[in-house]
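A.B. asks: Here's a sequence, model it:
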Amino acid sequence: MRVRRLVPVLLVAAVLAAGCSGEAPGDGGGAAADTTLDVRLVLEPTSLDITTVAGAALPQLLLDNVYQGLLTRDGHGVIAPLLAERFDTSADGLTYTFRLRDGLTFADGSPLTSADVVWSYRKVIAPGSKNPNRADFAAVSDISAPDAETVVITLRQRDANFTYGLTNRAGVVLKQGTDPATLADTTNGSGPFVVRSWQRGSSITLARNEHYWGEPAQLATVVLHYIPDTATANNAELTGVTDVLTGPEPTSLAPFQNNPDFTVAQGVTSDKFVLGINNSRGPLADARVRHAIRRAIDKDGLIRVAQAGKGHRIGSDVAPTDPWFDAGLTAIDPYDPAAARALLAQAGFADGLDLNLVMPNIYNPVIGEYVVSQLGQVGIRVRYERVEFPTWLDRVYTRGDYDLSIVDHAEARDIATYANPAYYWHYSDVQVQEWAAQAAMAPSDGERDELYRKVARKISEDAASDWLFSSSGLVVLRKGVNGFPTRETNSRLDLARVSATPAQ
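C.D. replies: Below is the predicted model of the structure:
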């Protein structure tokens with residue numbers, strides 16, 4: 001939930017396929033210009049308003065496809081121009097000047113100019129802004145348009161993450177004067193697709209944008225089927241209801257493996273399955289209890305049971321895709337049930353304690369069941385609740401009414417959430433806040449990355465959360481599907497270059 005600096009950004013799988021292409025392999029063959037591609041996703045958005053509604057489902061659906069920003073991230077995670085043809089940065093790192101491409105248009109055919117960019121970005125930084133990624137613009141002091149093709153953004157302080165932030169939802173450009181009340185149900189972006197229809201509880205259909213300023217999408221239509229249940233999703237792929245199965249359970253791939261009609265691709269992802277701990281709640285305010293929780297859970301065993309061995313160990317809120325990833329952090333709080341029981345006794349809970357665990361029902365229930373079993377073996381009695389995702393957002397993320405919670409934080413580079421005491425795990429450490437602030441203003445990527453490594457180590461040493469695993473990223477493609485994106489697809493799913501031959 002994916003939530004970056006705001007909400008956990010959740011779900012569905014990212015995949016790395018063959019070579020360095022950043023796309024899943026296909027079997028070759030030409031594409032039919034009027035082909036419809038059917039894709040299984042997991043988490044359905046509750047609204048189309050990308051400017052206010054948190055969670056990964058919206059950027060996954062709308063970023064790059066329907067809405068675009070000045071910059072984007074390519075298939076390797078590299079920042080690249082999009083609506084901007086190029087940009088320059090002043091020597092002091094405080095002024096960014098963007099030159100827009102010629103001929104930009106919105107889906108309604110109207111021109112996109114620098115005035116639209118200024119209007120959109122001023123909405124993000126306005127007092128009372130509810131943009132889930134407004135923290136990406138925290139350093140912005142002014143946005144101006146010297147002419148119709150130029151945008152100048154001035155920062156009050158250097159921000160080493162600013163261009164990365166522009167690739168997220170805060171950077172999308174809306175048409176000047178768009179009524180916010182219309183955004184929940186309608187879109188008018190500059191991307192290669194438009195939202196044609198939404199069958200709530202079932203699917204969202206994207207259609208090729210006939211007014212697109214760039215190269216037209218390869219596919220005429222993409223139907224995104226929201227199918228949370230694994231067995232139902234597998235059956236949909238096997239019977240031809242869907243052409244692409246994202247987010248399959250690693251333990252249920254047998255029907256597709258060694259099957260000439262399908263390709264199973266695997267790779268890295270920014271997903272982090274986090275056991276969130278409410279640091280402000282009763283016994284969980286005691287670091288000894290939090291360390292006991294971490295030491296009670298065998299992460300390698302969980303990866304075997306729930307991920308068929310395909311997940312990756314992580315020791316902090318950093319995925320292998322992040323520049324500051326440190327594999328050595330898995331040595332902190334190793335699996336040791338005896339040590340966990342001793343820590344609980346030191347904290348005054350020799351007879352154990354009672355906690356609740358709240359997890360959205362979009363995830364494999366085995367993950368929660370495994371954690372509950374492991375904690376039970378050291379005397380932590382857990383009441384396990386699986387809830388609808390909107391309920392989780394209200395109860396856990398918004399109101400903080402929980403002890404433990406498992407959520408897939410899918411967005412990359414979101415470690416700065418631990419510098420925000422108001423974030424839903426209510427962790428507060430002055431040193432972490434200082435390091436995160438220094439990292440944001442670092443004069444070089446190397447200095448930034450080293451500071452974030454310190455943050456990653458400190459939050460692990462404080463047991464601010466537990467980090468269960470980073471999923472490996474899997475996708476199943478029927479024969480004839482080519483160019484499907486393969487990196488961080490839980491938080492963005494650029495479909496413009498995907499092609500497919502009709503199913504046989």
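
A.B. asks: Endpoints of stretch 162-174, how far apart?
C.D. replies: End-to-end distance for stretch 162-174: 19 Å, by Cα to Cα, to the nearest Å.

A.B. asks: mind checking the longest helix of the chain?
C.D. replies: helix 445-461 (DSSP state H).

A.B. asks: Tell me how far that one lies from the chain's centre.
C.D. replies: Averaged C-alpha coordinates place helix 445-461 at 20 Å from its chain's average position (Cα atoms, centre = their mean, to the nearest Å).

A.B. asks: Now that helix: buried residues?
C.D. replies: Within helix 445-461, the residues scored as buried using 16 or more other Cβ atoms under 10 Å are 448, 449, 451, 452, 453, 454, 455, 456, 457, 458, 459, 460. Backbone N, C-alpha and C define where each C-beta goes, glycine included.

A.B. asks: how close does residue 452 sit to residue 361?
C.D. replies: 33 Å (Cβ to Cβ, to the nearest Å).

A.B. asks: again, but for residue 101
C.D. replies: According to Cβ to Cβ, residue 101 stands 43 Å off from residue 361.

A.B. asks: circling back to that earlier point, alpha carbons of the longest helix of the chain, in CSV - could you do that?
C.D. replies: Extracted C-alpha coordinates of helix 445-461, given in CSV (Å, rounded to 0.1, in the frame of the first residue of the first chain):
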residue,chain,number,x,y,z
ASP,A,445,23.0,9.9,-4.0
GLY,A,446,25.8,8.1,-2.2
GLU,A,447,25.5,10.3,0.8
ARG,A,448,21.7,10.0,0.8
ASP,A,449,21.9,6.2,0.5
GLU,A,450,24.4,5.9,3.4
LEU,A,451,22.0,7.9,5.7
TYR,A,452,19.1,5.7,4.7
ARG,A,453,21.2,2.7,5.5
LYS,A,454,21.6,4.1,9.0
VAL,A,455,17.8,4.6,9.3
ALA,A,456,17.2,1.0,8.1
ARG,A,457,19.6,-0.3,10.8
LYS,A,458,18.2,1.8,13.6
ILE,A,459,14.6,0.9,13.0
SER,A,460,15.6,-2.7,12.9
GLU,A,461,17.6,-2.4,16.1
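
A.B. asks: contacts for the helix or strand just after it?
C.D. replies: Under the assignment DSSP states H and E, the closest C-terminal helix or strand after helix 445-461 is strand 465-469. If you take Cβ atoms under 8 Å, 6 or more residues apart in numbering as the criterion, strand 465-469 is touched by 272-277, 290, 293-294, 297, 299, 302-303, 307, 311-317, 333, 367, 371, 406, 425, 427, 459-460.

A.B. asks: So which residues of the stretch 151-300 of the chain form helices?
C.D. replies: 162-166, 230-238, 287-295, 299-307 (DSSP state H, counting those that start in this stretch).

A.B. asks: can you tell which of those helices is closest to residue 487?
C.D. replies: For residue 487, the closest of these is helix 162-166, at 14.5 Å, according to Cβ to Cβ.

A.B. asks: helices and strands around that closest one, which ones?
C.D. replies: Here helix 162-166 touches strand 71-73, strand 79-81, going by 3 or more Cβ pairs under 8 Å, 6 or more residues apart in numbering; DSSP states H and E.

A.B. asks: what's next to the first one, contact-wise?
C.D. replies: Contacting residues not belonging to strand 71-73 are listed as 63-64, 79-82, 84, 87, 163-164, 166-167, 171, 488, 492, 494 [Cβ under 8 Å, 6+ apart].

A.B. asks: strand partners of that strand, parallel vs antiparallel please.
C.D. replies: strand 79-81 (antiparallel) (DSSP bridges).

A.B. asks: got a list of what residue 208 touches?
C.D. replies: Going by Cβ under 8 Å, 6+ apart, residue 208 touches 192, 193, 194, 216, 217, 219, 220, 221.

A.B. asks: so of those, which ones are in strands?
C.D. replies: 193, 194, 221 (DSSP state E).

A.B. asks: so which of those residues would you say is closest to residue 94?
C.D. replies: When those are compared for distance to residue 94 (Cβ to Cβ), residue 193 comes out closest, at 35.7 Å.

A.B. asks: From residue 247, how far out is the closest residue to that closest one other than its chain neighbours?
C.D. replies: In space, residue 193 comes closest to residue 206 once its chain neighbours are excluded; the distance is 4.1 Å by Cβ to Cβ, 6 or more residues apart in numbering. According to Cβ to Cβ, residue 206 and residue 247 sit 18 Å apart.

A.B. asks: mind listing the strands in the stretch 301-450 of the chain by residue range?
C.D. replies: 353-360, 380-387, 404-409 (DSSP state E, counting those that start in this stretch).

A.B. asks: out of these, deepest packed?
C.D. replies: strand 404-409 (a mean of 27; mean count of other Cβ atoms under 10 Å).

A.B. asks: hey, C-alpha coordinates of that strand in CSV?
C.D. replies: Provided in CSV are the C-alpha atoms of strand 404-409 (Å, rounded to 0.1, in the frame of the first residue of the first chain):
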residue,chain,number,x,y,z
LEU,A,404,-0.3,-6.2,15.1
SER,A,405,-1.0,-6.0,11.4
ILE,A,406,0.3,-7.6,8.3
VAL,A,407,0.3,-5.6,5.1
ASP,A,408,2.3,-5.7,1.9
HIS,A,409,4.0,-2.3,1.5
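
A.B. asks: per-residue pLDDT, the nearest residue to residue 326 once chain neighbours are set aside?
C.D. replies: Leaving aside its sequence neighbours, residue 326 sits nearest to residue 453 (Cβ to Cβ, 6+ apart; 5.7 Å). What the model reports as pLDDT for residue 453 is 98.

A.B. asks: The helix or strand bottoming out on mean pLDDT in the chain pairs with which strands, parallel or anti?
C.D. replies: Least confident helix or strand, the chain: strand 262-266 with a mean of 89, by mean pLDDT, DSSP states H and E. For strand 262-266, the paired strands and their directions (DSSP bridges) are strand 474-478 (antiparallel).

A.B. asks: Please save the CA atoms from the partner strand in PDB.
C.D. replies: The C-alpha coordinates for strand 474-478 follow below in PDB (Å, rounded to 0.1, in the frame of the first residue of the first chain):
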ATOM      1  CA  LEU A 474       5.500 -13.800 -10.200                       C
ATOM      2  CA  VAL A 475       3.300 -13.500 -13.300                       C
ATOM      3  CA  VAL A 476       1.700 -16.100 -15.600                       C
ATOM      4  CA  LEU A 477       1.300 -15.200 -19.300                       C
ATOM      5  CA  ARG A 478      -0.700 -17.100 -21.900                       C
END
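
A.B. asks: buried stuff in the helix or strand harbouring residue 123?
C.D. replies: Per DSSP H and E: residue 123 is located in helix 114-125. For helix 114-125, a neighbour-count test (16+ other Cβ under 10 Å) marks 114, 116, 117, 118, 119, 120, 121, 123, 124, 125 as buried.
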